[in-house]
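# Test case, fold it:
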Amino acid sequence: MCWRSAVTRVFKNGWFERFARKEGLADLVLREAVARAESGFVDADLGGGIIKQRVARPGKGKSGGYRTLILFRRGDRAICAFGFAKSAQANVSKADLAILKAAAAEALAWSSADLDRLVITGALKEIEDDRQ
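Numbers count the residues shown, from 1 in each chain. Take a look at the predicted model:
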């Protein structure tokens with residue numbers, strides 16, 4: 001499977017970075033989820049620049065795995081912002097979705113220089129494509 005995207009920059013916010021570390025989600029799995037979205041395979045489009053992608057638990061399948069909410073603009077950027085185990089909650093709450101939509105409106109308007117500054121300050125961590 002070709003999961004590389006030459007244009008899309010992929011990031012994690014601080015909350016998601018801690019979640020991914022705790023749950024053992026590798027950066028490669030997150031890049032693959034974004035690559036699926038870039039190819040048009042989105043598990044759910046929640047509107048306002050937010051998509052939901054399923055990712056597998058390490059060593060298991062996607063159906064009982066994790067749900068990741070990604071602030072997404074095809075061909076430009078993907079910011080992993082929120083995640084949860086399917087076994088812990090059925091879906092994101094309406095209140096959390098409203099907060100994420102407000103965040104997406106702001107984050108998807110950031111310039112490339114803004115993204116670079118946020119990476120330098122540690123507010124975002126860029127997930128590098130190690131295969132490039």
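# who touches the longest helix that the chain contains?
In the chain, assigned by DSSP state H, the helix with the most residues is helix 94-107. Contacts with helix 94-107, where a contact means CB atoms under 8 Å, 6 or more residues apart in numbering, come from L46, G47, G48, G49, I50, L69, L71, R77, I79, A81, F82, V92. The C-beta positions use only the backbone N, C-alpha and C, and glycine is treated the same way.
# What sits closest to the last one if chain neighbours are left out?
Okay, so that is V92. Spatially, and ignoring its direct neighbours in sequence, V92 is nearest to L69 (6.3 Å; CB to CB, 6 or more residues apart in numbering).
# what's the answer for the fourth one, then?
Here the nearest residue to G49 in space, its sequence neighbours aside, is A104; by CB to CB, 6+ apart that works out to 3.9 Å.
# For that neighbour, grab the count of nearby residues.
23 (other CB atoms under 10 Å).
# The one 5 residues further on now?
The local packing of A109 (other CB under 10 Å) involves 10 other residues.
# and the gap between it and E17?
22 Å (CB to CB, to the nearest Å).
# Okay, helices next: where are they in this protein?
Counting by DSSP H, the helices of the chain are 14-23, 27-38, 94-107, 112-121.
# Looking at those, spot the one closest to A88.
helix 14-23 (10.4 Å; CB to CB).
# and the angle for the closest one with helix 27-38?
120 degrees (axes from the mean of the first three to the mean of the last three CA atoms, to 10 degrees).
# Go through helix 14-23 and flag the buried ones.
By neighbour count with 16 or more other CB atoms under 10 Å, helix 14-23 contains the buried residues F16, E17, F19, A20.
# for stretch 86-96, same thing?
Neighbour count says stretch 86-96 has V92 buried, by 16+ other CB under 10 Å.
# Please apply the same query to stretch 25-42.
Those buried within stretch 25-42 under the rule 16+ other CB under 10 Å are 25, 27, 29-38, 42.
# Quickly list what the residue most central in space within the chain is bridged to.
Nearest to the mean C-alpha position of the chain, by CA atoms, centre = their mean, lies C80 at 2.5 Å. Taking DSSP bridges as the rule, C80 bridges to K12, I70.
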